[in-house]
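*Asks:* 3D, please:
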Amino acid sequence: MKNTRLVIGVDKPVSELALGTAWYSLEDKEQWFGLMDDFVAYGGTTIDTGRGYGESEEVIGLWMETRANRARIVIITKGGLAADGGAYLPVKGFRETIERELTRSLECLRTESIDLYFLHRDNPSLPVAEIVDCLNAERERGRIHAFGGSNWEPHRVDEANEYADKHGLTGFAAVSNNLSLAVPTGPFYLGLVSMDKAGERWLAEADIPIFSWSSQARGFFSGRYSPVLRDEADKIEDGFTKRMIEIYGTDENFERLRRAKKLGERKGGTSAVQVALAWVLHRPFTVVPVVGPHTKEELASCVAALSIELSESEVKWLNLENGSY
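*Replies:* Numbers count the residues shown, from 1 in each chain. Below is the predicted model:
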């Protein structure tokens, strides 16, 4: 896995993939320790977590302490959850929320600073001036090195960075929105933001890196979902499966799945999941997919996708555009 300096303000190389850890628990910490060990062995440096991700920060903090490797790891965490559990950044008590959550994140991660700090789902009612001023203050304190927005619309990032430029401050260095070959019909959960074609053009023009969550479309390309399942949606009892069909079960996405399978077969048995991840890696802007393997085998599959070469025609063909394979 290659590493390069991608994020302004982060003085360590960021790996081609970021490891997602939202479900890590202390009860199963040895399993996750082993997975993170493997990730590092593959050359990975970048680990993604969040204050709202249960015990994830605690697990990562213990792992870094036992491995004595904090200096080599790029830690991404997120904050800004409303005190009442709301989905968006709180307007009332925003600074206090950031102070509290960042302090707790640092304690759990057993570190003095966060490499890249993302604010959770934006609240358009909160002035960008207050946001940028607050994050610059934390940067001046040395508690964060760079910051950005997770599930932020491009125009709000532009507003924040325009304010920062005008006042001689540091702006957003990155975003973390959804980007995958499968196109969702809407947000999977309230407040989530996916990058459409206009968003992709903005990423290229703004030259801002994206850490794309659900880069493999929450397992859509695994083969667990089919048009037959969609036709029997009223019989589905599992809430997650039902939501997957609602969000991803379009004719267009099933055609993308079919093409990913076909292209994978042509390339010697590569899975559709790997082809879909390779498609994200071939976007014409800086993208670091956040992958969420639960097993060593799934991690190995993600890493193998880094070696898949796609031509421009193949990239377009997978996304139902002009071109052929």
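*Asks:* spatially central residue in this protein, please.
*Replies:* residue 213 (2.8 Å; Cα atoms, centre = their mean).
*Asks:* distance check, that residue against residue 162.
*Replies:* Per Cβ to Cβ, to the nearest Å, residue 213 is found 26 Å from residue 162. Backbone N, C-alpha and C define where each C-beta goes, glycine included.
*Asks:* hey, where'd the helices end up in the stretch 201-325 of the chain?
*Replies:* 227-231, 239-248, 251-266, 272-281, 296-304, 312-318 (DSSP state H, counting those that start in this stretch).
*Asks:* tell me how far the fifth one is from the chain's mean position?
*Replies:* Put simply, helix 296-304 sits 17 Å off its chain's centre (Cα atoms, centre = their mean, to the nearest Å).
*Asks:* where are the low-confidence patches of the chain?
*Replies:* Across the chain, residues meeting the criterion (pLDDT under 70) sit at 82-87, 323-325.
*Asks:* one more pass at 90, please.
*Replies:* 1-6, 52, 80-93, 120-121, 189-192, 223, 228-239, 322-325 (pLDDT under 90).
*Asks:* in it, which spans are strands?
*Replies:* Assignment of strands within the chain using DSSP state E yields the ranges 3-4, 14-15, 18-20, 46-48, 74-79, 114-119, 144-150, 174-176, 210-212, 287-291.
*Asks:* report the buried residues of the longest one.
*Replies:* Judged by neighbour count (16 or more other Cβ atoms under 10 Å), strand 144-150 contains these buried residues: 144-150.
*Asks:* residues near residue 140, how many?
*Replies:* 11 (other Cβ atoms under 10 Å).
*Asks:* if I look at it, how far off is residue 134?
*Replies:* Using Cβ to Cβ, residue 140 is found at 11 Å from residue 134.
*Asks:* tally of neighbours for residue 296?
*Replies:* Using other Cβ under 10 Å: residue 296 sits among 14 other residues.
*Asks:* pretty sure it contacts residue 34?
*Replies:* Yes - contact status for residue 296 versus residue 34: in contact at 7.2 Å, counting by Cβ atoms under 8 Å.
*Asks:* want to throw the buried residues of strand 144-150 into CSV with distance to residue 171?
*Replies:* Formatted as CSV, these follow (distance: Cβ to Cβ, whole Å):
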residue, distance to residue 171
144, 13
145, 14
146, 10
147, 9
148, 9
149, 11
150, 16
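*Asks:* out of the residues you listed, who's nearest residue 265?
*Replies:* residue 150 (35.5 Å; Cβ to Cβ).
*Asks:* who does the closest one bridge with?
*Replies:* residue 176 (DSSP bridges).
*Asks:* how far away is it from residue 266?
*Replies:* Taking Cβ to Cβ, one finds residue 150 at 36 Å from residue 266.
*Asks:* swap in residue 195?
*Replies:* Distance from residue 195 to residue 266, by Cβ to Cβ: 28 Å.
*Asks:* settle it for me: which of these two has more neighbours?
*Replies:* Of the pair residue 195 and residue 266, residue 195 is the one with more neighbours under other Cβ under 10 Å, namely 22 against 12.
*Asks:* separation between the more buried one and residue 201?
*Replies:* 10 Å.
*Asks:* ok, now residue 28?
*Replies:* Counting by Cβ to Cβ - residue 28 and residue 201 are separated by 41 Å.
*Asks:* picking up where we left off before, quick one, which of the helices of the stretch 201-325 of the chain is packed in tightest?
*Replies:* Compared across the helices of the stretch 201-325 of the chain, helix 272-281 shows the largest average neighbour count, a mean of 24 (mean count of other Cβ atoms under 10 Å).
*Asks:* against which helices or strands is that helix packed?
*Replies:* In this structure, helix 272-281 packs against helix 251-266, strand 287-291, helix 296-304, helix 312-318, with contacts taken as 3 or more Cβ pairs under 8 Å, 6 or more residues apart in numbering; DSSP states H and E.
*Asks:* how far off centre is the first one?
*Replies:* Here the centre of helix 251-266 is set off from its chain's centre by 23 Å, with Cα atoms, centre = their mean.
*Asks:* before we move on, the earlier item: reformat the helices and strands packed on helix 272-281 as a markdown table; add distance to residue 59.
*Replies:* Shown next, in a markdown table, are the helices and strands packed on helix 272-281 (distance: least, Cβ to Cβ, whole Å):
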| stretch | distance to residue 59 |
| --- | --- |
| helix 251-266 | 32 |
| strand 287-291 | 17 |
| helix 296-304 | 16 |
| helix 312-318 | 35 |
